[in-house]
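Engineer: mind looking at a prediction? Sequence and model below.
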Amino acid sequence: MEDTSRADISLPLIGTAPLILALLMVDSLHFVFALLLLPLISPAVSAMFVLSIATLEVGVYGLVRRCLHPKVLGRHLALFLAMGLLVATSTSINFHAVAFIDPGTAALLSETSILFGLGFGLVWMRERLGPVQVVGALLALGGVFIITFQPGDYLRLGSVMVLGSSFLYATHAALAKRYAGDIDFLDFFFFRLLCTAGFLFIFAVGRGALTWPSPQAWPLLILVGTVDVVVSRSLYYLALRRLPISIHSIVLTLSPVVTVAWSLLLFGSRPTPQQLLGGAAVIAGVLIVTLHRSKGDKQRV
């Protein structure tokens, strides 16, 4: 029985290894891209153009394939507006946060979105935590405390911003999980991007920050829109459909490790020992929660 259980977990990983590697490479670049764009264009404007470019690319693909259905937007308008507002706010915060915190530490803190999602499951879906999961959640929260509450107002501000962004993204994920399961993927993806880009445009206009990007910024904006949104989120949802949800969560806990490597390679910046300790606690706590949930699911089945 024990060997069969291990085989059941390993087979999806072996069969989707190229997909997992590709997902980790692009998912880990989110905060790196935000920092690369920071000197070239205002964060409020860069987030808007990144999502607009991604929306245009997905929209053109959908039109060519004749797979977009405008009635879906009208039928689920409230849901798309809510998700668009949440993701737009989360993305805008992330693009601003890299001015105060390095990408590696930001990526470590962003793992708390899994814990926020677990919290939604407890409150909204009436799920229950086992004793081991409680220990894992407390360990991850302890890691967040270690990273966030340390000398330096800038780091503290950046940490709080990333935590707020993670909560908003987890809220969007909970809405998508609860209400968007029956929506065709391409319709869901396009209209979510469209509403997100729309809210980011409103944010930029409201701040009086709407400006046209410089010629130097355009190649990077197109690259980020394509890789960080279109490719990354497509791989994310594709992996979600092919892997059990618990294994999917475990795989994504490796993303901050790759982000730290990117940050060190491109910027020469590395988390402090205290930040690494907190990040290790966050990842370990998330792994405990998701691994134990995977075992619990198998026992119930």
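Structural biologist: Here it is on my side, so go on.
Engineer: okay, I101: pLDDT?
Structural biologist: Predicted confidence (pLDDT) for I101: 83.
Engineer: tell me how many other residues surround it.
Structural biologist: 28 (other Cβ atoms under 10 Å). For every residue, glycine as well, the C-beta is placed using N, CA and C.
Engineer: surely it and L163 touch.
Structural biologist: No. Judged on Cβ atoms under 8 Å, I101 makes no contact with L163 at a distance of 10.8 Å.
Engineer: and for the two, which residues touch both?
Structural biologist: Between them, I101 and L163 share the neighbouring residues L109, with contact defined by Cβ atoms under 8 Å, 6 or more residues apart in numbering.
Engineer: need the strands for this protein, in chain order.
Structural biologist: With DSSP state E as the criterion, the chain has no strands.
Engineer: now for it, the helix or strand with the poorest mean pLDDT.
Structural biologist: For the chain, counting by mean pLDDT, DSSP states H and E, helix 2-15 ranks last in confidence among helices and strands (a mean of 43).
Engineer: would you map the helices across the stretch 51-200 of the chain?
Structural biologist: In the stretch 51-200 of the chain, the helices defined using DSSP state H, counting those that start in this stretch lie at 70-75, 77-97, 103-110, 112-123, 131-148, 153-179, 185-206.
Engineer: which of those is buried the deepest?
Structural biologist: Burial of the helices of the stretch 51-200 of the chain is given as mean neighbour count (mean count of other Cβ atoms under 10 Å); helix 103-110 ranks first at a mean of 28.
Engineer: show me what it is packed against.
Structural biologist: helix 30-37, helix 131-148, helix 153-179, helix 255-267, helix 273-300 (3 or more Cβ pairs under 8 Å, 6 or more residues apart in numbering; DSSP states H and E).
Engineer: would you single out the least confident of the ones you listed?
Structural biologist: Per-stretch averages of pLDDT across the helices and strands packed on helix 103-110 put helix 273-300 at the bottom, with a mean of 66.
Engineer: confirm for me that S159 is in contact with I101.
Structural biologist: Yes. Assessed by Cβ under 8 Å, S159 is found in contact with I101 at 6.2 Å.
Engineer: show the contacting residues for the residue lying closest to V227 once chain neighbours are set aside.
Structural biologist: Across the structure, with Cβ to Cβ, 6 or more residues apart in numbering as the measure, the residue nearest V227 apart from its sequence neighbours is V26 (5.6 Å). The contact partners of V26, taken as Cβ under 8 Å, 6+ apart, are 227-228, 231-232, 235.
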